[in-house]
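> Sharing a model prediction with you, sequence too.
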Amino acid sequence: MKKHTLSFLFILTSFYSFAFEGMWIPSVLNAAFDDMKANGLKLSKEEIYSINNTSLKDGIVIFGGGCTGEMVSNEGLMFTNHHCGFDNIQYHSSVKNDYLKNGFWAMNREQELACPGLTATFVIEMRDVTDEVLLGMEGVEEKDRAAKMKDLLSAIAKREKAEKKCDGFVRGFNYNTQFFLVLTKTYTDVRLVGAPPSCIGKFGGDTDNWVWPRHTGDFSVFRIYANDKNEPAEYSAANKPFKPAHHFPISLKGVKEGDFTMVYGFPGRTEHLLTSAGVAYNHEQLAPMRIDFREKNLEVINAAMKSSDELRIKYASKQSNVANAYKKWQGQELGLNKFNAIQLKKEEEAKWLEIAKLSNKELEYSNLLSSIDKLYKDYYGVNIAAAAYAEFVFNGPEVFQLYQDFNEIRVQGGQLKKGNQWEGKMKEFLETAKAFYKDYDLETDKKRFVAMSSMFEQFTKGVIHFEHPKLSREAAADLWFKQSMVADSAVFLGMIRSFSKDTFVKMSGKSKKYAKRLSAEYLYVQAIALNDYYNNTLVPSKREFNTKHDQLMEKYVFLLEEMRGKKEKWCDANSTLRLTYGRVEGSAPVDGMAYTPFTTGQGILDKNSTGNPDFEINDRLKMLLQNKEFGSYGVNGTLPVCFTGSNHTTGGNSGSPALNGNGEWIGINFDRTWESTMSDLYFNSEICRNVMTDARYVLWVIDIYAGAGHLLNEMTILR
Ligand code: ASP
C-alpha cells in the first residue's frame, strides 16, 4: 500500500508540475492565485475580478466575433490587434483610400468610422452553476440527457438574464463536468479610430506569422459609443463615447526578463483533455487534409492579390483567414511530431490506468478509452468529409454559399408572409449580396473551384461530382462560371429585387424567368446538391459523433476528477473570460538555438534589407528608425518592439491586454511562436511562448509615426 501511495504521488506531481499551463477562470481563482502571487502578482482577487467593485474584467471585451479588446481611456478608446480589426479596416479601404496599405488615423471624433455589425461585449458576471445543473440532471435517462441539458441551461440563463436585465448564457466546461453562467452586455456602436499601415500592423506577413523573432505592431484602435445613459445603442451621430468602469493604465516603464506577466482575455478553443485517439485523429488525419486544401486555395488567392491593387484589397481579409490557420497547423504538426504527443498521451493514459487500479476502476477506465478509440474509427469517414466540406464550401469558392443562402430564403418562401416578413428577408439578403460583390472576383473564384474541387470530391464517396460530358475541369469551369447569374452582379441583384416584389410561391413573369434560369444553372444545382449532402448526411452524422464523443468524454473527465481528488484544474478554452500568467522569457526550442525575449526596431531594418516583400516598409517608418527618432519611447538607443512570455494563450486571446503584476498594460498579445502552436492540444512550458507587441512600440507608432498624439491625452500613461 505504501508503495502504491508513493507512486501515486509521483504520478500526480509529474502530471501537474507544468508551470504556467492553464487558462484560469477569474471568478474562481484558488491555487492558481497563490501561484500568481508567488510569481509577482501584486493585486488582490477582487481587483482582478469582482461583481461588486470595479475590477480589471470591466476593461476587457470580446471584440467582434472572436478576439479580445481592452479599454485604454475613460472615453471608450479601445485597443485590439491589427489582425482583429482587419475586416473593418479592409471594409473601409478602397484603391483611393487604401487604409490597409497606408493606415488610417482619425484626427478628431468626427473622422472616426462607423463599423456596421461590429460589437464589443463586456462580462458582467461569471458564476459557477455546476451544482444546480448537476442536481437538475439527476436521474435523467441517457437518451434524454442532451435535450434536458439544453432546456435546463437555457432556463437558468433566462432566469438570470431577466433578473439582471442583460444578456447571457450557461455553458458547459470540460465536457459538461462544470457549468458557468456568463452574463454580458454588448455595445453595438463601435468605430474605427486608428490603424497602422500593414507594413507595421502586419509586418512580416505570412513569412513571420507564428514565428519568433517578431517585429509586428499588431494593434488597431477603436472607440465604443453609447447612448446618453452610457448604455448600448445602435449607431447614431448623437451617441457619446462610452465610459467604462475600468480602463488600463499604460506602463512605459518596460519589462525585464523574468518579470511576472498575465494575459486577460477570451481564448477560443483548446483540447488538452483529448485522449490519444483524439490527438491522433487531429494530428494524423485532420490537419494534413486541411493543410492540403489550404495550400491549393492560397496559391490562387495569393496570385490574384499580387496581380492588382484592386484584388489585393478585395481578398486581403479572406487571405488572412485562410493563411493564418494554414500556417498554424503546420507548426502544430511539427511540434506534435517532435514531442511525440500521441505517445506522450498514451503514456499518460497508462499511468492513469495504474491509478485507476488503486480504486478498482481500471475496467471502467480502459473501457472508456477503447470506446472513444472505436468512435473515432467508426466516424472517421464522416468527420473527415465534414471537415473537407468546410474547407471547400466555407473557405473555398464562394459561389456555392451565396447560392445556398439565397436558396434558404427561397425554401422559406412558402412560409413567410408577403409584406414585412418577406420583404425584410429579401432586403437583408440584398445587402448581403451587395457586400459580397464588393469583395468578389469571378475569375479568382473559378480558379479556387478548379484548384480544390477534385480533392473535395474524393471525400464525398461519389455523392458530389462535378462533371462535364466533354470538357476538362478547367474548360467546364470556364463555361459554368460564365453562364452563372453570379457572373453579372446586375443580373444577380436584379433577381433579388424581382423576388422581393413576389414571393417564390406567387411569381410574376419576370421572376418566373429568373426561376427558370436558376433551375437550369449548373452551379446553382450543384450548390443545392452540396447543401442537401451537408444537411442530410454530414450534419446528422457529425452531430451523432459529437453527442457520443461528449458523453464518453464527460464520463472520462469525471473519472479523472474522481481519481485526481480536489486539486485545482483548468478548463479548456471555450471563448469565455480567462486569465493566464507566466513570465517574460525566451526559450530554447531547437537544439543549439535560443530565443531571447525582446526585439527592437533594428530588427525591422534588418529584415527589410533581405528584400522579402513581406518585410517591405514605407519611407517614413524607415527614416524614423534609421534616424533613431524614438522620442521618449526608446531605451538606450533602441526601440522595443515585441516580447515573448510563458503565458498559455490561444486564438481568441488575440488583442488581449498583456499586464504586469500591478495590472498595468505593458503590451498587447497577438501570437505564439512556431514551436508553441501545438499548445492547443499539448502545452509544454519549456517551449510554449506567447508573443506581445510592447506598449512602447504601440505608443511610438501612434504618437511619433502617425502624429496622432491627441489620442494619448485620453490615456493614463505611467512613465
Ligand atoms: N495569432 C493568433 C490568432 O490568430 C493568436 C494565437 O493563437 O496565439 O488568433
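Yep, that arrived. Numbers count the residues shown, from 1 in each chain.
> So residue 693, which state does it fall into?
strand (DSSP: H, G, I helix; E, B strand; the rest coil).
> Name all residues that make contact with it.
216, 217, 218, 219, 641, 642, 667, 668, 670 (C-beta atoms under 8 Å, 6 or more residues apart in numbering). Any C-beta I mention is one placed from the backbone N, CA and C, and that applies to glycine too.
> who does it bridge with?
Note on residue 693: beta-bridge partners residue 642, residue 668, judged by DSSP bridges.
> For it, give me the pLDDT.
pLDDT recorded at residue 693 is 98.
> Tell me if residue 154 really is in a helix.
Yes. Under three-state DSSP, residue 154 sits within a helix.
> How about it, nearest residue that isn't a chain neighbour?
residue 170 (7.5 Å; C-beta to C-beta, 6 or more residues apart in numbering).
> how about that neighbour, secondary structure?
strand.
> Make 39 the starting number, not 1.
Noted, 39 is the first residue going forward, which turns the last one into residue 208.
> Kindly tell me how buried it is, as a neighbour count.
21 (other C-beta atoms under 10 Å).
> on that earlier part again, wait, which of the contacts of residue 731 is closest to the ligand?
residue 708 (5.7 Å; C-beta to the nearest ligand atom).
> host element of the closest one?
strand 703-710 (DSSP states H and E).
> any residue of that strand up close to the ligand?
Yes. Remark: strand 703-710 sits within contact range of the ligand at 708, 709, 710, by C-beta under 6 Å from any ligand atom.
> Stretch 729-737 now?
No. Using C-beta under 6 Å from any ligand atom, we find that stretch 729-737 stays clear of the ligand, coming within 7.6 Å at best.
> quick one: the helices in the stretch 239-388 of the chain?
Taking DSSP state H, counting those that start in this stretch, the helices of the stretch 239-388 of the chain run over residues 243-246, 314-318, 325-345, 347-376, 379-396.
> That should have said the stretch 589-738 of the chain, apologies.
639-646, 657-664, 733-738.
> so how far is the following helix or strand past the last one from its chain's centroid?
Per DSSP H and E, helix 733-738 leads on to strand 755-756 as the next helix or strand towards the C-terminus. Distance of strand 755-756 from its chain centroid, counting by C-alpha atoms, centre = their mean, to the nearest Å, is 30 Å.
> Same question for stretch 569-588.
23 Å.
> The residue nearest to residue 192 is in contact with residue 168, isn't it?
No. The criterion here is C-beta atoms under 8 Å, and residue 208 misses it with residue 168 at 10.1 Å.
> residues from the stretch 289-438 of the chain in reach of the ligand?
residue 362.
> First-to-last residue distance for stretch 76-88?
21 Å (C-alpha to C-alpha, to the nearest Å).
> Pull out the buried positions in it.
77, 78, 79, 81, 83, 85, 86, 87, 88 (16 or more other C-beta atoms under 10 Å).
> any idea how far residue 620 is from the first one?
Okay, so that is residue 77. Separation of residue 77 from residue 620 (C-beta to C-beta, to the nearest Å) stands at 8 Å.
> who touches residue 292 in this structure?
673, 678, 704, 732, 734.
> average pLDDT across the strand holding residue 708?
pLDDT averaged over strand 703-710 gives 98.
> who are the neighbours of it, in terms of helices and strands?
Strand 703-710 is packed against strand 105-109, strand 288-289, strand 298-303, strand 695-697, strand 728-732, helix 733-738, with contacts defined by 3 or more C-beta pairs under 8 Å, 6 or more residues apart in numbering; DSSP states H and E.
> Show me what the residue nearest to residue 192 bridges to in the sheet.
According to DSSP bridges, beta-bridge pairing links residue 208 with residue 219.
> quick one: the residue of the stretch 439-588 of the chain found nearest the ligand from residue 446, how far?
Closest contact between the stretch 439-588 of the chain and the ligand, by C-beta to the nearest ligand atom, is at residue 477 (20.3 Å). As defined by C-beta to C-beta, residue 477 lies at a distance of 21 Å from residue 446.
> Same check on residue 714?
Taking C-beta to C-beta, one finds residue 714 at 40 Å from residue 446.
> Tell me how many other residues surround the residue in the chain positioned nearest to the ligand.
Relative to the ligand, the nearest point of the chain is residue 689 (3.4 Å; C-beta to the nearest ligand atom). Counted with other C-beta under 10 Å, residues neighbouring residue 689 total 21.
> residues contacting it?
So residue 689 contacts 104, 305, 306, 307, 366, 718 (C-beta under 8 Å, 6+ apart).
> try residue 136
Counted by C-beta under 8 Å, 6+ apart, residue 136 has contacts 347, 351.
> ok, back up a step: from the contacts of residue 292, which two are the most distant?
673 and 704 (13.4 Å; C-beta to C-beta).
> which of these two has more neighbours?
residue 704 (27 against 14).
> So residue 230 lies in a strand, does it not?
Yes. Counting by three-state DSSP, residue 230 is part of a strand.
> Just list whatever residues bridge to it.
residue 151, residue 260.
> That one is in contact with residue 125, isn't it?
No. With contact defined as C-beta under 8 Å, residue 230 does not reach residue 125; the gap is 10.7 Å.
> who has more neighbours, these two?
residue 230 (24 against 18).
> In contact with the more buried one, which residues?
So residue 230 contacts 123, 126, 127, 130, 142, 144, 150, 151, 153, 258, 259, 260 (C-beta under 8 Å, 6+ apart).
> For residue 741, which non-adjacent residue is closest in space?
That would be residue 747: by C-beta to C-beta, 6+ apart, it lies 4.5 Å from residue 741.
> Next one: that neighbour, what pLDDT does it get?
Value for residue 747, per-residue pLDDT: 97.
> circling back to that earlier point, neighbour count for residue 714 and residue 446, which is higher?
Each of residue 714 and residue 446 has its neighbours counted (other C-beta under 10 Å); residue 714 has more, 29 against 13.
> how many other residues sit next to the nearest residue to that one once chain neighbours are set aside?
What sits nearest to residue 714 in space, not counting adjacent residues and going by C-beta to C-beta, 6+ apart, is residue 726, at 4.1 Å. Residues near residue 726, counting by other C-beta under 10 Å, number 27.
> and this protein, which of its residues are near the ligand?
362, 687, 688, 689, 691, 692, 708, 709, 710.
> Swap in 5 Å and give it another go.
687, 689, 692, 709, 710 (C-beta under 5 Å from any ligand atom).
> from what I can see residue 697 touches residue 299, true?
Yes. In this structure, residue 697 is within contact of residue 299 by C-beta under 8 Å, at 6.9 Å.
> who touches both of those two?
residue 704.
> hang on, the earlier thing: any idea of the pLDDT on the residue nearest to residue 714?
96.
> can you check residue 610 too?
With respect to pLDDT, residue 610 has a value of 98.
> likewise the one 5 residues further on?
Note for residue 615: predicted pLDDT of 98.
> again with the one 5 residues further on
Here, the pLDDT recorded for residue 620 equals 97.
> Repeat that for residue 451.
So, for residue 451, pLDDT stands at 71.
> Distance of it relative to residue 444?
11 Å.
> Compare these two (neighbour count), which wins?
More neighbours surround residue 444 than the other of residue 451 and residue 444, with 23 against 20 (other C-beta under 10 Å).
> any idea whether that one is helix, strand or coil?
Assignment for residue 444 (three-state DSSP): helix.
> now residue 139
helix.
> Test my guess that it contacts residue 234.
No. Residue 139 is beyond contact range of residue 234, at 11.0 Å (criterion: C-beta under 8 Å).
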